[in-house]
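Student: Build me a model from this:
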Amino acid sequence: MSEDAFLDPLVGAAIMVVFSLLWIGLGVHWGRTNSEGTKGYLFAGRNVGLALVTATLMATWVTGNTVLAAPEQAYKIGVWGVIGYCFAGFGLLAFAPLALRIRRLMPNGFTSGDFMRLRYGRGAWVPFMAISVFYFLAFLITLGMGAGLLVEALTGLDYHVGLLTVMIVTTIYTLLGGMRGVIGMDFIQAMIILGLLIVVAFMALTTYSPAEIQAGVIENKPGHLDLLLPAGLLYAWNTGLFSMGEVFHSNIWWMRAYSSRPSVNLKGFIVSGVAWMTVPLVAGVVTLVAIAFPGDFDIPQVNMVLPVVASTLLGPLGAALIFIVVFAALASTGSGLLTATATLLAQDFYRPFVNPEADDETMKQTVRRLIAVLCVLTIALAWVYVTSMYGLLLFAGALVGSTVWPVLCGLYWDKTNPVAASAGMVLGSASGLVFYFAVSSFGAALTGFVVSALVTVLGSRAKPQDFDWKILAYAGHERTSAMKEG
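Tutor: This is a model prediction of the structure:
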């Protein structure tokens, strides 16, 4: 047990037990409403309304990094650390019109792989799936490591306690509740995250006035208020592009587009993107208090600045509030990751290559088994903490940045050449990885993004190829024959 923990281990354990039982109980409740086969289990009937869509999008995009890394960046570079992290919300905002078009073109689609296979054929489907699967595994590993590290740092409980608790509880309620359970839980978790962060921010701003905070920051770190700070501008730009790469290709967000009513798709992504930005904004602003009054706060490590401020202002209650926020953020992201990854593997690998004759119930049970397997695999790979969580995500960013233009052009430009799209992903990923290892990890996503854009657009302009949009309507109907034709 760590002596620097912000919360008593017994209190932390009690919080985890209470919320674990609550999540599992709600999973049982929502699971009883899943009576529509895969349509109900994976897409909640494809009829989710605006409030639930907004909540599930926001909660899934709020991770442990959102709650703790945003304050860390604010502590390091000031106002641009707050603003720059908010730029990650642009991924959801930019995907909003794409979500609307996806729902219209592919009303019965299952995965992002559906789109790549039908739009471009197997030549582009293969690199896209390789990138997607790697990204999902990397994200799951960072989630597992984050659960262990954050629970240990906040409560002093062993790393493996947090890893096992978050992954097992999240898996159980996801298995029981399906997409209805995931979305319903996300709504509750979104309210918890926003509500408790606002409480902490309110306490900070009533203890120290905004004028006092501004004067303190100017006195201690005047450069932290520089809106023309080059490092801050670069950080914000890279964060926005990285988030677009993460969102555009990811089956998490495609499944949300397939699940919601077509009439609320656009609004849901826009509102959730704006709502999500309030989380790093509120968390980051609280950090300015620690910069303005360094004598009042003992910061042992910069990624723990928010728990320090909360526990200093509110005592054990503040530490408990932040712990609940982190626990909810980890669970909401984990459930979305497990469902999206299992669905991608089942629909794009199992059905076409293992069991082409699989019926609806078989596919539902296959997804459930894959969710359980992914839980065990994540625990095994994250059992020993051997690498930086953010570094692993940046490595994946070198790949996902290359998928933005093939997705964007494929949805809106009927002349996009399949060979150019495939080459864009391959060459974009390769150049991103070269930049990652040879120059800097922070520009890898941008490099892949730019190279993929040039290859996809210029290749399609040089040799345009007509596409019949009606082909996409076959998504979800006859996967086997479509795969063979591709």
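
Student: now for the strand or helix carrying Leu93, which elements pack on it?
Tutor: Per DSSP states H and E, Leu93 falls inside helix 90-105. Helices and strands touching helix 90-105, by 3 or more C-beta pairs under 8 Å, 6 or more residues apart in numbering; DSSP states H and E, are helix 50-61, helix 230-249, helix 251-259, helix 265-292, helix 404-412. Placement of C-beta: from N, CA and C, glycine included.

Student: same thing but 6 Å
Tutor: In this structure, helix 90-105 packs against helix 230-249, helix 251-259, helix 265-292, with contacts taken as 3 or more C-beta pairs under 6 Å, 6 or more residues apart in numbering; DSSP states H and E.

Student: contact partners of that helix?
Tutor: 240, 243-244, 246-247, 253, 257, 262, 265-266, 269-270, 272-273, 411, 472 (C-beta atoms under 6 Å, 6 or more residues apart in numbering).

Student: list the helices and strands the helix or strand following that helix packs on?
Tutor: Downstream of helix 90-105, the next assigned helix or strand under DSSP H and E is helix 112-120. Applying 3+ C-beta pairs under 6 Å, 6+ apart, one finds that helix 112-120 contacts helix 122-155.

Student: Can you give the distance of the helix it packs on from its chain's centre?
Tutor: Helix 122-155 sits 10 Å away from the centroid of its parent chain (C-alpha atoms, centre = their mean, to the nearest Å).

Student: And for stretch 40-57?
Tutor: 17 Å.

Student: Kindly report the same for stretch 338-348.
Tutor: Per C-alpha atoms, centre = their mean, the centroid offset for stretch 338-348 relative to its chain is 16 Å.

Student: With stretch 163-172 instead?
Tutor: 17 Å.

Student: Now do the buried residues in the helix holding Leu93.
Tutor: Of the residues in helix 90-105, 90-96, 98-103, 105 count as buried by neighbour count, 16 or more other C-beta atoms under 10 Å.

Student: if we can go back for a sec, can you put the helices and strands packed on helix 90-105 in TSV and add mean pLDDT?
Tutor: Output for the helices and strands packed on helix 90-105, formatted as TSV (pLDDT from 0 to 100):
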stretch	mean pLDDT
helix 230-249	82
helix 251-259	93
helix 265-292	90
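
Student: most packed of those?
Tutor: Among the helices and strands packed on helix 90-105, the stretch with the highest mean neighbour count (mean count of other C-beta atoms under 10 Å) is helix 251-259, at a mean of 27.

Student: other SSEs contacting that helix?
Tutor: Looks like helix 251-259 contacts helix 90-105, helix 316-345 (3+ C-beta pairs under 6 Å, 6+ apart).

Student: and those, which one is worst for confidence?
Tutor: Mean pLDDT values for the helices and strands packed on helix 251-259 show the minimum at helix 316-345, a mean of 90.

Student: now that one and helix 251-259, what's the angle there?
Tutor: 80 degrees (axes from the mean of the first three to the mean of the last three C-alpha atoms, to 10 degrees).

Student: Enumerate the positions of helix 316-345 that are buried.
Tutor: 318-345.

Student: starting at the chain centroid, how far to that helix?
Tutor: Its chain's C-alpha centre and that of helix 316-345 lie 10 Å apart, by C-alpha atoms, centre = their mean.

Student: by how many degrees do the very next helix or strand once past that helix and helix 316-345 diverge?
Tutor: Using DSSP H and E, the helix or strand that follows helix 316-345 in sequence is helix 360-382. Interaxial angle, helix 360-382 versus helix 316-345 (the same axes, to 10 degrees): 130 degrees.

Student: Helix 360-382 - contacts with which helices or strands?
Tutor: Under the contact definition 3+ C-beta pairs under 6 Å, 6+ apart, helix 360-382 sits against helix 37-43, helix 122-155, helix 159-207, helix 316-345.

Student: Against which helices or strands is the first one packed?
Tutor: Applying 3+ C-beta pairs under 6 Å, 6+ apart, one finds that helix 37-43 makes contact with helix 159-207, helix 360-382.

Student: Now with 7 Å, please.
Tutor: helix 159-207, helix 251-259, helix 360-382 (3 or more C-beta pairs under 7 Å, 6 or more residues apart in numbering; DSSP states H and E).

Student: what sits up against it?
Tutor: 34, 45-46, 178-179, 255, 258-259, 343, 360-361, 363-364, 367 (C-beta atoms under 7 Å, 6 or more residues apart in numbering).

Student: Which one of these is nearest to Pro127?
Tutor: Pro127 has its nearest neighbour among those in Thr343, at 19.8 Å by C-beta to C-beta.

Student: of the helices and strands packed on helix 251-259, which approaches Ile172 most closely?
Tutor: Set against Ile172 and scored by C-beta to C-beta, these come closest in helix 316-345, at 10.2 Å.

Student: surely Val400 meets Tyr135?
Tutor: Yes: counting by C-beta atoms under 7 Å, Tyr135 is a contact partner of Val400 at 5.4 Å.

Student: Pick out whichever of those two has more residues nearby.
Tutor: The neighbour comparison of Val400 against Tyr135 (other C-beta atoms under 10 Å) goes to Val400, with 30 against 23.

Student: Skipping its backbone neighbours, what lies nearest that one in space?
Tutor: In space, and not counting its chain neighbours, Val400 is closest to Gly245: 3.9 Å by C-beta to C-beta, 6 or more residues apart in numbering.

Student: and if you look at Ser259?
Tutor: Phe43 (4.4 Å).

Student: Return the residues in contact with the nearest residue to Phe95 once chain neighbours are set aside.
Tutor: Spatial nearest neighbour of Phe95, chain neighbours left out: Val247 (4.9 Å); criterion: C-beta to C-beta, 6+ apart. The contact partners of Val247, taken as C-beta under 7 Å, 6+ apart, are Gly91, Leu92, Phe95, Trp253.

Student: would you list the residues you listed in CSV and tack on distance to Gly12?
Tutor: Below are those laid out as CSV (distance: C-beta to C-beta, whole Å):
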residue, distance to Gly12
Gly91, 32
Leu92, 31
Phe95, 36
Trp253, 32
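
Student: So what's the predicted local confidence for the residue positioned nearest the centre of the chain?
Tutor: Nearest residue to the geometric centre of the chain (C-alpha atoms, centre = their mean): Trp61, 4.2 Å. Listed pLDDT for Trp61 reads 90.

Student: Surely it touches Trp276?
Tutor: Yes: using C-beta under 7 Å as the test, Trp61 is close enough to Trp276 to be in contact (5.2 Å).

Student: Tell me who's in contact with the residue nearest to Ile172 when sequence neighbours are not counted.
Tutor: In this structure, Ile172 finds its nearest non-sequential neighbour in Ile24, 5.3 Å apart by C-beta to C-beta, 6+ apart. Counting by C-beta under 7 Å, 6+ apart, Ile24 makes contact with Val169, Ile172, Tyr173.

Student: Looking at the helix or strand hosting Ile24 now, give me its mean pLDDT.
Tutor: In the assignment (DSSP H and E), Ile24 maps to helix 9-31. Helix 9-31 shows a mean pLDDT of 89.

Student: isn't Tyr159 right up against Glu152?
Tutor: Yes: taking contacts as C-beta under 7 Å, Tyr159 lies within contact range of Glu152: 4.8 Å.

Student: Neighbour count for these two, which is higher?
Tutor: Neighbour comparison, Tyr159 and Glu152: the larger count goes to Glu152, with 22 against 19 (by other C-beta under 10 Å).

Student: what does stretch 163-179 rub up against?
Tutor: 16, 20, 23-24, 26-28, 30-31, 34, 40-44, 144, 147-148, 181-182, 185, 259, 330-331, 334-335, 338-339, 368, 371-372, 375, 378-379, 382.
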